[in-house]
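Enquirer: model this:
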Amino acid sequence: MILNIRVDYKTASISTMERSAQKLEGIFKDLQKHYSVKEHLQIKTCNRTEFYLVLDECKTPDIDCEDFMIETDEDAVKHLLRLASGLESMIIGEDQILGQIKEAQKKSIKEGGCGNVLRTVFTKAVHVGQAVRKKTKINEGSVSIGSAAVKLAESVHGNLKCKKVLVIGAGKMGTLVAKALVEKNLKAIVVANRTHDRAVNLAKELGGFAIRFDKLDEAIKDADVVISATGAPHPILTYEKVKEAIPQENLNKIVMVDIANPRDIDERVAELGVRLFNMDNLRTISDKNKNMREAAACDAEKIIETEFELLKRSLKQLEVEPIISNIRTSAENIRVKDTQKAFRKLGDMKGNEKVVEDLTKVMVEHIFYDIIKNLKHAAENDEQEVINAAEAIFNRN
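Expert: Below you'll find the model as predicted:
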């Protein structure tokens, strides 16, 4: 069974997501204790936390799902294909989710969590995400959480011309924010990051300047806009820090946009008069973007449906892969052994060994071609008797 457990912006506010993400980690550990978890992979972004698991069980585990969405098998896989295509994103069609899925798969492979099933499913998901973006207009124009955060700031200031903007975080999301700011004719763009070199590199790329992380208090003092997107586990701008750093007369002029999960800015900062926005406030921009991309989304759904049918066949074929692997290994062992035996009998081949090697490889391939093709066909059509017979014949030592 493929099991997907998730919490995202569709069903939870940012505060609920913060709480539920931790709870979800605990549920994953419990599942590992009480069930046979064959494969696992986690996706974590600013507006979702998801686990994909492959279990031996056929029955869905009993999970307290008050805050979570739980889907299995075909529904779970279809959700992933939609996710990779940008249809499940807060900003429909944004490209970042595709990179986040690739990174999640890479990390899981490195840590040994991703096996044949998830590797097949996620490789297909990435392929579908790329195909949707290539064949539809789902990502036409600049769409990202970063650009949406900038629009939020503009909704207060009108435009950001001659404004001083502080970007906290020089990771991928911070980079997106900064790039969305480049053409706004700012007075200044300042980048702060815990790893100072990254801040320097990003600031250099954008024509801004970098500050050290311990100088944040000075930087927010006269900033017009602060956009924060770090991966910090705790708030970076606390109520006390903001109150102390920003002159009282400036508090109601500054706009802060927090697109981190968990949040970088203490929600009590709003009590000081600061215009504070977080992921929940991006929903308005999300709805407008969704309406603009309805036609492209319909085209994307058709691609997903076609690719999903192909993926189902691939997953079915995985069931007979051990038998096929055994056939190939046995055939190759026999070929090598008998070819070497023939070489010894023939004596000097005068450099024609490769001709014989190639010939025997082709012969073995031809002999087993139909057998392997029919086995895959049997798997796709749930012909269990054929599979059992093949297993008895070819897996017998």
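Enquirer: so how far is Phe368 from Ile324?
Expert: According to CB to CB, to the nearest Å, Ile324 and Phe368 sit 9 Å apart. Just so you know, the C-beta spots here come from the backbone N, C-alpha and C atoms, and that holds for glycine as well.
Enquirer: look at Pro61 and say how many residues are nearby.
Expert: Neighbour count of Pro61, defined by other CB atoms under 10 Å: 18.
Enquirer: surely it meets Met1?
Expert: No. With contact defined as CB atoms under 8 Å, Pro61 does not count as touching Met1 (9.1 Å).
Enquirer: what do those two both touch?
Expert: Leu55 (CB atoms under 8 Å, 6 or more residues apart in numbering).
Enquirer: any idea which helix or strand carries the most centrally placed residue in the chain?
Expert: Closest residue to the average C-alpha location of the chain: Ile101 at 2.0 Å, with CA atoms, centre = their mean. Assigned by DSSP states H and E, Ile101 falls within helix 96-111.
Enquirer: any buried residues in that helix, and which?
Expert: Gln96, Ile97, Leu98, Gln100, Ile101, Lys102, Ala104, Gln105, Ser108 (16 or more other CB atoms under 10 Å).
Enquirer: give me the average confidence score over it.
Expert: Mean pLDDT, helix 96-111: 95.
Enquirer: would you mark the buried spots in the helix or strand just after that helix?
Expert: Next helix or strand after helix 96-111 toward the C-terminus (DSSP H and E): helix 116-135. Within helix 116-135, the residues that count as buried by 16+ other CB under 10 Å are Leu118, Arg119, Thr120, Val121, Phe122, Lys124, Ala125, Val128, Gly129, Ala131, Val132, Arg133.
Enquirer: distance of the residue lying closest to the second one once chain neighbours are set aside from Leu3?
Expert: What sits nearest to Arg119 in space, not counting adjacent residues and going by CB to CB, 6 or more residues apart in numbering, is Ile109, at 7.0 Å. As judged by CB to CB, Ile109 and Leu3 stand 19 Å apart.
Enquirer: again, but for Pro61
Expert: Taking CB to CB, one finds Pro61 at 7 Å from Leu3.
Enquirer: please identify every residue contacting each of the two.
Expert: Leu55.
Enquirer: what bridges to Arg6?
Expert: Beta-bridge pairing for Arg6 (DSSP bridges): Glu50, Met69.
Enquirer: hang on, isn't Lys241 packed against Asp217?
Expert: Yes. Contact criterion CB under 8 Å: Lys241 and Asp217 qualify, at 6.5 Å.
Enquirer: which of those two has more residues huddled nearby?
Expert: Lys241 (17 against 13).
Enquirer: name the nearest residue to Phe21, ignoring sequence neighbours.
Expert: Heads up, residue 21 is Ala, not Phe. Thr49 is the one closest to Ala21 (CB to CB, 6+ apart), at 4.3 Å.
Enquirer: confidence score at that neighbour?
Expert: At Thr49, pLDDT is 94.
Enquirer: what do you get for Gly141?
Expert: With respect to pLDDT, Gly141 scores 68.
Enquirer: over to the one 10 residues further on?
Expert: Reported pLDDT at Lys151 in the predicted model: 86.
Enquirer: which residues touch it?
Expert: Lys151 touches Ile285, counting by CB under 8 Å, 6+ apart.
Enquirer: which secondary structure element contains it?
Expert: With DSSP H and E as the criterion, Lys151 is inside helix 145-157.
Enquirer: what's the helix or strand just after that helix packed up against?
Expert: Per DSSP H and E, the first helix or strand lying C-terminal to helix 145-157 is strand 164-168. Contact partners of strand 164-168 among helices and strands, from 3 or more CB pairs under 8 Å, 6 or more residues apart in numbering; DSSP states H and E: helix 172-181, strand 188-193, helix 216-221, strand 225-228.
Enquirer: which of these sits most buried?
Expert: The highest mean neighbour count among these, using mean count of other CB atoms under 10 Å, belongs to strand 225-228: a mean of 28.
Enquirer: sheet-wise, list the partners of that strand with their directions.
Expert: Sheet pairing of strand 225-228 (DSSP bridges) gives strand 164-168 (parallel), strand 255-258 (parallel).
Enquirer: ok, back up a step: so the residue nearest to the centre of the chain is in contact with Lys124, correct?
Expert: No. Applying CB under 8 Å as the test, Ile101 and Lys124 come out as separate, 11.1 Å apart.
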